[in-house]
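The following comprises the amino acid sequence and a computationally predicted model.
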Amino acid sequence: MAWKWLNRAGRDRLSFQWPLPSSDRPGEWTDGNGAHESLRATSNVCFAITRFGLCDHMHARLFEAECGNRREYKNGFVLCDRIRLTKEVLSWNCKVMLQFARACLRKTLDEIALREELRCRLERASTCDPWGPERDPEVESECSSLHDGFKQMALRSDVATIRDSMERVEVFLSRVGMWITHEFVRRGAEFSIPYYVSVETDYAWAEVFGDYTSKTREFSKWKQDVLLSLLYH
């Protein structure tokens, strides 16, 4: 399945006006090798978003897309010769935007709290010699579970600073939630809230766990699953 993010007027980030679907029929096929200058600028191909890029390119409107003659998948995109928009995902609204943003933030804060707890456990364990004359079975078990790779991960960054940053985002989100349906909608920028929170939480996970680790990939997949479940529940 593939999608296109468009602005409120139905234009993409290259300012191309896409043929939009109606209630009973899809939009016209758009040929990347045809007359559309903005599409010819992208190496004579069209591109749509796969689920792997769904959280990284948010905009005001979301459409399901049908791709003709798919060429390859790359960095969350599907490249193809032509695309038509088949249906607008009308569930992408202010309520879902805030639900997604809050879910990302809560998941991140919960993970940071767990990291801080594990850091304290690690510091306690490191002050004892569990293999000494007075062996403490609980500490021994704790030490054995904290292998070198995990120690590096737990100690690699100032988790408290990251937590403070995420808590500031949480305060911002609680305030903006009261007027997102007014000011942001008036400006056509309500999508910027979940996008901003998604980016900030990505940064937090990268700081805590490092870029392109199994944990950051796990978080990316979790975000995709949450967004899709909100859109297609």
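Arrived safely.

what's the longest helix in the protein?
helix 94-126 (DSSP state H).

packing partners for it?
Where contact means 3 or more C-beta pairs under 8 Å, 6 or more residues apart in numbering; DSSP states H and E, helix 94-126 is packed against helix 137-145, helix 148-155, helix 159-176, helix 192-209, helix 214-231. For every residue, glycine as well, the C-beta is placed using N, CA and C.

Lowest average pLDDT across the ones you listed?
For those, mean pLDDT drops lowest on helix 148-155, to a mean of 44.

avg pLDDT for the lengthiest strand in the chain?
As assigned by DSSP state E, the longest strand anywhere in the chain is strand 61-74. Averaging pLDDT along strand 61-74 gives 86.

got the domain boundaries for this protein?
Following automatic domain parsing, the chain resolves into domains at 2-88, 94-231.

which residues touch Gly53?
By C-beta atoms under 8 Å, 6 or more residues apart in numbering, the contact list for Gly53 reads 75-77.

Out of those residues, flag the one nearest to Phe63.
Using C-beta to C-beta, Phe77 is the member of these that sits closest to Phe63, with 15.1 Å.

any idea how far that closest one lies from Leu228?
Using C-beta to C-beta, to the nearest Å, we find Phe77 at a distance of 17 Å from Leu228.

Which one of these two is surrounded by more residues?
More neighbours surround Phe77 than the other of Phe77 and Leu228, with 18 against 14 (other C-beta atoms under 10 Å).

what are the bridge partners for that one, then?
Taking DSSP bridges as the rule, Phe77 bridges to Ile49, Lys74.

With the one 5 residues further on instead?
When bridges are called by DSSP bridges, Arg82 pairs up with Asp31, Gly68.

Wait, it touches Phe47, no?
No: using C-beta atoms under 8 Å, Arg82 makes no contact with Phe47, being 11.1 Å away.

quick one: which of those two has more around it?
A side-by-side neighbour count of Arg82 and Phe47, using other C-beta under 10 Å, places Phe47 first with 23 against 18.

Please report phi then psi for the more buried one.
phi -140, psi 150 (degrees, to the nearest 10).

Setting aside sequence neighbours, what's the nearest residue to it?
Phe77 (4.7 Å; C-beta to C-beta, 6 or more residues apart in numbering).
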